[in-house]
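In: take this sequence and fold it.
(chains A and B)
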Amino acid sequence: MFFDPSVVDTAGFILRQLASGALLTLEITLLAQVVVVVMSFIIALMRLSPWRGLRWIATVYVEILRGISALVLLFYLFFILPLFGIRLSPMTTGVIGLGLTFSAYGSEIVRSALTNVNRGQRDALRALDFDPVTAFRRIILPQALPFMLPPMGNQLVELLKTTSLVSLISLSDLTFSGAQLITTLGQQTLIWCIVLVCYFIMAWPLTWLVRRYERHVTAWREGSSS
Amino acid sequence: MNFDYAFAWSILPDLLQGLLVTLQVVVLGFLMAVIVGLVLAIAQRSKRPWLHRLSSGYLSFFRHTPLMVQLYVLFFAFPLIGITVPAISTGVIGLGLYYGAYIAEAYRGAIESVPAGQWEAARALDFDTATTWRRIILPQALKPMLPVLGNYLIGMFKETPLLAVITIPELFQAAKQIAGMTYRYNEPYTVMALMFLAISLPTSLFFKFLERRSHA
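Out: Take a look at the predicted model:
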């Protein structure tokens, strides 16, 4: 079988472009996930706080961010904020926009996991006179984490997919690299299919890990039933 | 930079026109997703291994790839195989195929919650598979599913700005065009965001109410 060297060249070119795009996609996913985790905890704790004002602010935050879509928020940050003199780089815009959108969903995950911790545990903390920070860190959080991680993992997959939106605010992520390759090479359908496969290869292992973890934390339940 | 109410008012008709297209695509896409999801969910429970595997592969692939890139593929692949469809149909098909993979999961949960005794009774009474599905299982599975489907409907509505990338003149595209023509970004994008909120907030409250009532 004879290979035309130009085919190998083109394949190498496609590979390099997509690899650099994929790297940026992973970078944005990771940074946005940090925003998601931090904001999710802050908002969840606000929603569970005894002060009505804080609860109210947190509810409004969640409802508004869940009500408008990620792309609308990204465009808003990208085009409207500069008019008020706040200039963010596309990267920061992408990370903040996606981070805020997903934190609205993430805070619900954190909140339901925290409220899932047994009532008796809370009463015991009260009785033993733990200070709130130690109580949260040593008793509540370790018990809530197994409830929290699987849905958080699934959300991370959604986040990874949604990062494709940042290609529309001029960040050269995987989708953007695909579009660029098409302007030089044509072959739209082929290249978009390759891009799809790249996303699948990045996202699927995450789901696999989540499933493994879920099986791991529920193993005791199956063991006791059989 | 201040908000010009007169300008915002003047672009309202264009944006409403876009909103109308958005709602059209969402409703049609949702109907398609409900059908695709049902087919996938039934295929998941099929005893034929190839059908089961095909459906699993579909679910896995569509749930692990971004809708935007799927739309690009559909948009360019249809003309390639000699089918010319308007962009709106491509959008409806794209949304339907993507959300079908999610709705299939909702069906699965609902179908699994039908007690096994119902299957056994249908078997004992010698119902054939199609009748069992149509008359026994689905009517019992569908009712508790309605609020879940509602959440997907809202989710779909919020994904529609993506359809702008394949040139569908929906709400987001309309706002973008106005912004591009007038160099005024504040009004179109703000009015668009408010329109999204005005539709998604009440519907989400409505489905929350339905959910609470069905649990009570």
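In: chain B contacts on chain A?
Out: When proximity is defined by Cβ under 8 Å from any Cβ of the partner chain, chain A lies next to chain B at A:63-64, A:66-73, A:75-76, A:79-80, A:83-84, A:157, A:161-165, A:167-168, A:175, A:178, A:188-189, A:192-193, A:195-196, A:199-200, A:203-204, A:207. Bear in mind the C-beta positions are built from the backbone N, C-alpha and C, glycine included.
In: just the buried residues of those residues.
Out: A:66-73, A:75-76, A:79-80, A:157, A:161-165, A:167-168, A:175, A:178, A:188-189, A:192-193, A:195-196, A:199-200, A:203-204, A:207 (16 or more other Cβ atoms under 10 Å in any protein chain shown).
In: re the thing from before, let's see which of the residues of chain A next to chain B end up in helices.
Out: Judged by DSSP state H, helices contain the following of the residues of chain A next to chain B: A:63-64, A:66-67, A:70-73, A:75, A:157, A:161-162, A:175, A:178, A:188-189, A:192-193, A:195-196, A:199-200, A:203-204, A:207.
In: now check the strand or helix carrying residue B:6, is it near chain A?
Out: Using DSSP states H and E, residue B:6 sits within helix B:5-44. No. Under the criterion of Cβ under 8 Å from any Cβ, chain A is not reached by helix B:5-44; the shortest gap measures 10.9 Å.
In: return the distance of that helix from the chain's centre.
Out: From the chain centre to the centre of helix B:5-44 is a distance of 8 Å (Cα atoms, centre = their mean, to the nearest Å).
In: what sits against residue 198?
Out: Let's take chain A. Contacts for residue A:198 (Cβ atoms under 8 Å, 6 or more residues apart in numbering or on different chains) come out as A:18, A:22, A:174.
In: burial of the first one, as a residue count?
Out: Counted with other Cβ atoms under 10 Å in any protein chain shown, the neighbours of residue A:18 add up to 21.
In: any idea which element it lies in?
Out: Per DSSP H and E: helix A:5-47 holds residue A:18.
In: which strands and helices sit next to that helix?
Out: helix A:52-67, helix A:90-116, helix A:141-162, helix A:174-185, helix A:188-217 (3 or more Cβ pairs under 8 Å, 6 or more residues apart in numbering or on different chains; DSSP states H and E).
In: for residue A:34, which of those is the nearest?
Out: Nearest to residue A:34 among the helices and strands packed on helix A:5-47 is helix A:90-116; the distance by Cβ to Cβ comes to 7.5 Å.
In: following that closest one, which helix or strand comes up?
Out: Counting by DSSP H and E, what follows helix A:90-116 is helix A:119-128.
In: could you list the residues in contact with that following helix?
Out: Contacts of helix A:119-128 (Cβ under 8 Å, 6+ apart): A:135, A:139, A:140, A:143.
In: what's the closest non-adjacent residue to residue 107?
Out: Looking at chain A here, since you left the chain open. Nearest non-adjacent residue to residue A:107, counting by Cβ to Cβ, 6 or more residues apart in numbering or on different chains: residue A:43, 3.7 Å away.
In: not quite, go with chain B.
Out: Residue B:107 sits nearest to residue B:41 (Cβ to Cβ, 6+ apart), 3.5 Å away.
In: from chain A, how far off is that neighbour?
Out: Applying Cβ to the nearest Cβ, to the nearest Å, the value for residue B:41 to chain A is 19 Å.
In: contacting residues for that residue?
Out: B:104, B:107, B:108, B:111.
In: flag every residue of chain B that's near chain A.
Out: Counting by Cβ under 8 Å from any Cβ, chain B sits next to chain A at B:1, B:60-61, B:63-70, B:72-73, B:76-77, B:80, B:158-162, B:165, B:172, B:176, B:179, B:185-186, B:189-190, B:192-193, B:196-197, B:200-201, B:204.
In: so for stretch A:91-108, what gets flagged as buried?
Out: A:93-108.
In: with stretch B:82-92 instead?
Out: Here stretch B:82-92 shows B:87, B:88, B:89, B:90, B:91, B:92 as buried, counting by 16+ other Cβ under 10 Å.
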